[in-house]
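Peer 1: Would you be able to build a 3D model of this:
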Amino acid sequence: MGIPKERLLQMYRDMVVIRHYEEIMAQTYLEGKQPVFNIAAGTVPGEMHLAAGQEPVAVGVCAHLRKEDAVAGTHRPHHFAIAKGVDLKRMTAEIFGKVTGLGQGKGGHMHLFDPDVHFGCSGIIAAGIPQAVGAALAFRQQKSDKVAVTFFGEGAANQGAFHEGLNLAALWRLPVIFVVEDNDYAISVPKQKSTAVASNADRAAGYGIPGVYVGENDLLAVYEAAGEAVARARRGEGPTLLEVKTDRLFGHFQGDAELYRPKGEVERLRAKDPIARFRTYLIERELAPETEITDTEQQARQSVAEAFAFARESAYPAPEEALKHVFVETTSDRRGRHAVN
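Peer 2: Here you go, the predicted model:
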C-alpha cells in the first residue's frame, strides 16, 4: 500500500495507547466500587463504556484526518478521541471529574469535547450524525476541503437520525464520512435480531452514495477504505458510508454481566487480536525491527501512565462552581433560560 514506516508505527502506537488506556481504566473504574457495586462511588463515578478491540476503526480512519477536520464520537468515545489527538491528560482528568479536565470535570467520559482538535461526543445514540452533517455543511459554505466524520454503532443505524443524516448529506453532496462500528451487539441485542440487512453499508444505495464494508477488524483494510472516502469528500464528491466489522472485548458497560454472549466468545475474539496481528505484520514484512516496536509500546504505556497520574493529582472543582457554565431557569423570567457565568 506504500504507507510510510513512520505512519505505520504511529498507527501501531495509537492502537497500543488505546488498548492500554482502556485496560487501565477498567481497573481504575472498580476502585471504590467493590465489594458492593455503586455506580456513583469510587475514583471514576458514573457509567463507563470501553472500546478495547475496536482500535482499528478509530485509528484507520483518523490517520487520514487533519487537526481541523471534525469528528463526532459516541458514548464509547475514548478510542476516537485518542486517535484524533485529544489531549490525553485533560481527557483523563475530565473522566475523573477534575477541574483540569476538558470540561472542568463536568462532562465525564461520555461528553468529551476538545475544540483544539475539533472532537466531540455524546451519550445519545446517533446524536453525532446530524452534528457531523452540520459541520460538513459549514465546511462547504467556507469553501474549504475540510471533512467531518461521524462514528456510531450498528444499532444506531436503525435510528431516524441515521437516515435523515444520510439523505441530507447525499442531497447536498456534503464532505462527511459515516462510519458504522459493527461489534455485533446493540447493548445486548445481536445485530441479526435488530437489523433487516446483513450489512448497513448496503443502505448507502438508497441514498445514491458509496457503501463500503470492511470485515475482519483489520487496520490496513480500514485505512485503505477510509483513505478513499476522505479523499472523495475533500474533492467535493460527497459522503461515503463505511461499515467495519469490529470486536468489543469488554461488556457494553463496565459491570455488564454479559450473559447474552455465547460461551467462549470473548476468548475467540482475543485470539484474533488486531493489535497482535498488526505487530506480527510489521515484523514479518521487516517494516520495523522488533526493538523499535518494543520502544513504541513502552512510549505508549508511559503516556498513559502520565495521563492517569495527572488526573489523580489534579484537584476537584470547588463546590461553588457547581452552577458555573450551566443553564438555569431564573425566578424573575421563567420564559427563558439564562446562562450563569
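
Peer 1: if you skip the residues just before and after it, what's nearest to the residue nearest the centre of the chain?
Peer 2: The centre of the chain sits closest to F80, judged by CA atoms, centre = their mean, with a distance of 3.0 Å. Distance criterion CB to CB, 6 or more residues apart in numbering; nearest residue to F80, sequence neighbours excluded, is G73 at 4.0 Å. Backbone N, C-alpha and C define where each C-beta goes, glycine included.

Peer 1: Count the residues that sit near that neighbour.
Peer 2: By the measure other CB atoms under 10 Å, the count of residues near G73 is 28.

Peer 1: what are the C-alpha coordinates of stretch 66-85, in CSV please?
Peer 2: The C-alpha coordinates for stretch 66-85 follow below in CSV (Å, rounded to 0.1, in the frame of the first residue of the first chain):
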residue,chain,number,x,y,z
ARG,A,66,-6.1,16.8,9.9
LYS,A,67,-6.4,18.7,13.1
GLU,A,68,-9.1,21.0,11.6
ASP,A,69,-11.3,18.1,10.4
ALA,A,70,-14.2,17.4,12.7
VAL,A,71,-15.0,14.1,14.5
ALA,A,72,-18.3,13.3,16.3
GLY,A,73,-18.0,10.2,18.5
THR,A,74,-20.3,8.1,20.6
HIS,A,75,-20.9,7.1,24.2
ARG,A,76,-17.9,4.8,23.8
PRO,A,77,-15.5,7.5,22.8
HIS,A,78,-12.0,7.0,24.1
HIS,A,79,-10.5,5.3,21.0
PHE,A,80,-11.9,8.0,18.7
ALA,A,81,-10.6,10.8,21.0
ILE,A,82,-7.1,9.3,21.3
ALA,A,83,-6.9,8.7,17.5
LYS,A,84,-8.0,12.2,16.8
GLY,A,85,-5.3,13.7,19.1
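
Peer 1: thinking again about what came up before, go ahead and confirm the residue nearest to the centre of the chain touches A58.
Peer 2: Yes: using CB atoms under 8 Å, F80 is in contact with A58, at 4.8 Å.

Peer 1: quick one: low-confidence parts of the stretch 101-250 of the chain?
Peer 2: Along the stretch 101-250 of the chain, no part satisfies pLDDT under 70.

Peer 1: Please enumerate the strands of it.
Peer 2: Secondary structure of the stretch 101-250 of the chain (DSSP state E, counting those that start in this stretch): strands at 113-114, 119-120, 148-153, 176-182, 185-186, 189-190, 211-214, 240-245.

Peer 1: do you know which of these lies nearest F327?
Peer 2: Across these, F327 has its closest neighbour in strand 113-114 (16.2 Å, CB to CB).

Peer 1: M91: neighbour count?
Peer 2: Neighbours of M91 under the rule other CB under 10 Å: 23.

Peer 1: Let me see the contact set for it.
Peer 2: When contacts are counted by CB atoms under 8 Å, 6 or more residues apart in numbering, M91 touches H78, A81, I82, G101, L102, L112, D114, A307.

Peer 1: Which helix or which strand is home to it?
Peer 2: In the assignment (DSSP states H and E), M91 maps to helix 88-96.

Peer 1: swap in Q298?
Peer 2: Following DSSP H and E, one finds Q298 within helix 290-313.

Peer 1: Buried residues, that helix. List them.
Peer 2: The neighbour-count check on helix 290-313 (16 or more other CB atoms under 10 Å) flags I293, T296, E297, A300, R301, S303, V304, A307, F308, F310, A311 as buried.

Peer 1: In this model V16 seems to touch the fourth one, though I could be wrong.
Peer 2: Yes: taking contact to mean CB under 8 Å, the distance of 4.0 Å between A300 and V16 places them in contact.
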